[in-house]
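J.: coords below, sequence missing:
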């Protein structure tokens, strides 16, 4: 999947903190409750089925992506920033 950037990996890992999303992505059977799932979810499911990516659970407190995707209070922002090894220049 990253061959364009000359990065070789056997399987990319996608960490999610939502067990329902993981279940939907791993289950190839369509259910009436998941009819509303949009195209990108089907794309992810296809990648999982083909073995290109693997989805694993991560606790919400450990989800580093929140730093880039959610509004956070100052303490949580500092905690995640430190976890990534980002330091302030000032």
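T.: That came through fine. As the structure is a prediction and not an experimental result, all values here were calculated from the model. Numbering: from 1, shown residues only.
J.: for the rest of this, base every contact and every neighbour count on C-alpha atoms.
T.: Noted.
J.: quick check: residue 56 touching residue 21?
T.: No - in this structure, residue 56 is not within contact of residue 21 by CA atoms under 8 Å, at 10.6 Å.
J.: residues near residue 15, how many?
T.: If you count neighbours by other CA atoms under 10 Å, residue 15 ends up with 17.
J.: looking at it, it is touching residue 60, isn't it?
T.: No - because the distance of 10.2 Å does not satisfy CA under 8 Å, residue 15 is recorded as not touching residue 60.
J.: helices and strands around the helix or strand of the chain with the lowest mean pLDDT, which ones?
T.: Sorting the helices and strands of the chain by mean pLDDT, DSSP states H and E puts helix 19-26 at the bottom, at a mean of 75. If contacts are counted by 3 or more CA pairs under 8 Å, 6 or more residues apart in numbering; DSSP states H and E, helix 19-26 sits against helix 39-49, strand 53-57.
J.: can I get the ones you listed in a markdown table including distance to residue 27?
T.: Below are these laid out as a markdown table (distance: least, CA to CA, whole Å):
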| stretch | distance to residue 27 |
| --- | --- |
| helix 39-49 | 8 |
| strand 53-57 | 12 |
